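Participant: Got a sequence here, can you model it:
(one chain, ligands or ions: 2)
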Amino acid sequence: MFDHPEGATPISEEDREALKIMTISTREELNRWEQENINKAYDWIQKKRTLNVLEEVQLRELHRQMFGMVWGWAGQFRTSTMNIGVEWPQISVTLRHFLGNVEYWASNQTYTKPEIAARYHHGLVQIHLFPNGNGRHARLACDILMEKQFELEPFDWGGNLNVTSDVRNRYISALQSADKGSYSELYKYLNIQS
Ligand SMILES: Nc1ncnc2c1ncn2[C@@H]1O[C@H](COP(=O)(O)OP(=O)(O)OP(=O)(O)O)[C@@H](O)[C@H]1O
Ligand SMILES: [Mg+2]
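Facilitator: Ligands and ions are numbered 1, 2, ... in the order given. Purely as a prediction, here's the structure:
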């Protein structure tokens, strides 16, 4: 019933119980409701004057705005182990440490702003904060970092990453390469000049 594209987290039975909309029975319906919820989050972002995605509370609030109509655990960190991400009890401390690094890179210009944003996106999905929606949340958070904090145009993510496709495969492969510490593929995917 719930098939998922390459690199996406499967939905467990337990997660299904957290669905707020009981009539959802197919992946398509779920996608549609999630997208509707995400559209509301865009409105929320527009209205919000300050949004600092380098703060843990704001990252959680963003996730809640994106998925709160659909999922009971929206905005709450994972409490289960997944095949990706840090051990769940380490999420908060790992995130705090990582966001500190990003702040440091930004104030010391360790990398260019787009490079920092790319590393920020990868770091968030690698930690894998939430039970689901990590990719979409970390892409939107990255867009906000680019626009609000860096005053740059957000990345064009190469097309629709929510379905299995050649672009999605390239995106996932770039993240896997970043997992090993090599960011050149991700920079290339995001059209970052270096
Ligand atoms: N090897 C990897 N290293 C780091 N991040 C990864 C890796 N594989 C997948 N990801 C990230 O995890 C995301 C999938 O996680 P999750 O299902 O929680 O997010 P989502 O928003 O529901 O997914 P989707 O991107 O499929 O909409 C992918 O979009 C990608 O950003
Ligand atoms: Mg998913």
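Participant: Quick check, central residue of the chain?
Facilitator: Nearest to the mean C-alpha position of the chain, by C-alpha atoms, centre = their mean, lies Ala138 at 2.0 Å.
Participant: how about that residue, what does it touch?
Facilitator: Contacts for Ala138 (C-beta atoms under 8 Å, 6 or more residues apart in numbering) come out as 121, 124-125. The way it works is simple: take the backbone N, C-alpha and C, and place the C-beta from them, glycine included.
Participant: can you check His128 too?
Facilitator: With contact taken as C-beta under 8 Å, 6+ apart, His128 is in contact with 9, 78, 82, 84-86, 91, 134.
Participant: Can you pull out the low-pLDDT segments for the chain?
Facilitator: The chain contains residues with pLDDT under 70 at 1-12, 15.
Participant: for the protein, longest helix please?
Facilitator: When the chain is scanned for its longest helix (criterion: DSSP state H), the result is helix 27-47.
Participant: Was I right to think Tyr189 contacts Gly158?
Facilitator: Yes - judged on C-beta atoms under 8 Å, Tyr189 makes contact with Gly158 at a distance of 6.5 Å.
Participant: ok, these two, which is more surrounded?
Facilitator: Neighbours around Tyr189 and Gly158, counted as other C-beta atoms under 10 Å, are more numerous at Tyr189. The numbers are 20 against 16.
Participant: What strand or helix carries the closest residue to the more buried one other than its chain neighbours?
Facilitator: In this structure, Tyr189 finds its nearest non-sequential neighbour in Ala174, 4.3 Å apart by C-beta to C-beta, 6 or more residues apart in numbering. Ala174 is part of helix 166-179, with elements assigned from DSSP states H and E.
Participant: The helix or strand that comes right after that helix packs against which elements?
Facilitator: For helix 166-179, the succeeding helix or strand toward the C-terminus, using DSSP H and E, is helix 184-189. Applying 3 or more C-beta pairs under 8 Å, 6 or more residues apart in numbering; DSSP states H and E, one finds that helix 184-189 contacts helix 113-127, helix 166-179.
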